[in-house]
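Trainee: The following comprises the amino acid sequence and a computationally predicted model.
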Amino acid sequence: MSLVYITEHNETIYDVDKAVEEKRRTKQYGYISQYKKAIFEELNKPDIIIDADGVLVYTDSKRHKHKSMGPPKLTIPKACEYKHPRPIRWRRTKDHVCPVPACRAPPVPRFNREDIVEIEREKKDYIQINIDKIPLLKRKVQLPMVSKTITGSTYMLVGAGVLPENVCSKRFGKVPKYLKKIRQDIIDHPICKKETETKQERERGIMRKGVYIGRRALTLEERIDILRGLRDRYKETLRVYMTSSVYTDTTSKKKRIGDLERELTTLENDLALFESTKCLYVEID
């Protein structure tokens, strides 16, 4: 058991407990900043102070030059300096006098339920009327529809532009006037005229010294050279195709094999054309 000795007359047991508790609190903090007191004082400073002249002025406690635009240079106006609009005071003039009516209006008659006249309504059997009208109704015309998918999705043909509309019109199936004018302007153009004449001469196939206009026949040496080149190209492409990988597990391999197959098909068609046809014509540049 511990004993507490009281040395002064004003000491109590409660004062000892408080001292122990304060000492215990100070031990909890491992580090106390030396600027704590200055920061606390700065935070508790007032934002606005009253000057010696009685003017309200902002302080630097919450406004720093490196954090904002600095303290304002203008002073805060007092509440009494604000100009409040004066309220409009209405007053009633006593010059007006209500005229006395010559004769008073008659009083409103009292409401009496006995004066209500009941309207006799005709009794109709609406169910029987509907039964009689149903056989006279016309059947609704089913519009033409077309199924466009396997699941049965349909669409209407009337508004889709598939069926001919406005057949009875006088302008149906005729070219509009503005399109005729545009087409005639294109035909009358000098460049278009020249191209049309050249095309007509080529189509006629007029022979002049064994040469068609705009084209010429291949000689035997040119034909043999082209055939030799096509066969060499076909052999080289076929060799590359046969030595390519069997597995097509990547996109690049699939693309390469597809390109080789298309090239082989084109070369086969060209060889068949040159071997079957003896006389060939080419365009003159």
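Mentor: Arrived safely, thanks for sending. Numbering: from 1, shown residues only.

Trainee: ranges for the strands of the stretch 51-200 of the chain?
Mentor: Taking DSSP state E, counting those that start in this stretch as the test, the strands found in the stretch 51-200 of the chain are 56-58, 145-147, 154-156.

Trainee: Now the second one: buried residues?
Mentor: Pointing back at strand 145-147 there. For strand 145-147, the neighbour count (16 or more other Cβ atoms under 10 Å) marks no residue as buried. Quick note: C-beta positions are derived from backbone N, CA and C, even for glycine.

Trainee: Just the pLDDT at Leu143, thanks.
Mentor: pLDDT, Leu143: 85.

Trainee: Where does pLDDT dip in the stretch 151-285 of the chain?
Mentor: By pLDDT under 70, the weakly predicted segments of the stretch 151-285 of the chain are 202-214, 285.

Trainee: go with 90
Mentor: Along the stretch 151-285 of the chain, the model assigns pLDDT under 90 to residues 151-176, 183, 185-224, 226, 242-258, 270, 272-285.

Trainee: can you give me the helices for it?
Mentor: For the stretch 151-285 of the chain, the helices defined by DSSP state H, counting those that start in this stretch cover 177-188, 190-204, 220-242, 251-276.

Trainee: right, and those helices - which one's nearest Lys124?
Mentor: helix 177-188 (60.7 Å; Cβ to Cβ).

Trainee: one step back: columns distance to Ala102 on top of the strands of the stretch 51-200 of the chain, output as CSV?
Mentor: As requested, these are exported to CSV (distance: least, Cβ to Cβ, whole Å):
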stretch, distance to Ala102
strand 56-58, 70
strand 145-147, 81
strand 154-156, 77
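
Trainee: Nearest to Glu118, out of those strands?
Mentor: Comparison of those against Glu118 by Cβ to Cβ identifies strand 154-156 as nearest, at 54.4 Å.

Trainee: And the contacts of the closest one?
Mentor: Around strand 154-156, the neighbours that count as contacts under Cβ atoms under 8 Å, 6 or more residues apart in numbering are 143-148.

Trainee: One more pass at 10 Å, please.
Mentor: Contacts with strand 154-156, where a contact means Cβ atoms under 10 Å, 6 or more residues apart in numbering, come from 143-149, 162-163.

Trainee: same thing with stretch 132-151?
Mentor: Residues contacting stretch 132-151 (Cβ under 10 Å, 6+ apart): 153-160, 162-163.

Trainee: Could I get these in a markdown table, plus columns for neighbour count?
Mentor: What follows is these, written out as a markdown table (neighbours: other Cβ atoms under 10 Å):
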| residue | neighbour count |
| --- | --- |
| Ser153 | 9 |
| Thr154 | 10 |
| Tyr155 | 12 |
| Met156 | 12 |
| Leu157 | 13 |
| Val158 | 11 |
| Gly159 | 10 |
| Ala160 | 11 |
| Val162 | 12 |
| Leu163 | 11 |
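
Trainee: and which of the contacts of strand 154-156 is nearest Leu260?
Mentor: The closest of the contacts of strand 154-156 to Leu260 turns out to be Thr149 (Cβ to Cβ; 37.1 Å).

Trainee: re earlier: let's have the helices of the stretch 151-285 of the chain in TSV, adding distance to Arg104 and mean neighbour count.
Mentor: TSV is the format used below for the helices of the stretch 151-285 of the chain (distance: least, Cβ to Cβ, whole Å; neighbours: other Cβ atoms under 10 Å):
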stretch	distance to Arg104	mean neighbour count
helix 177-188	81	10
helix 190-204	99	11
helix 220-242	120	13
helix 251-276	105	13
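
Trainee: want to try CSV for those, with distance to Lys78 as columns?
Mentor: Converted to CSV, the helices of the stretch 151-285 of the chain look like this (distance: least, Cβ to Cβ, whole Å):
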stretch, distance to Lys78
helix 177-188, 80
helix 190-204, 88
helix 220-242, 97
helix 251-276, 81
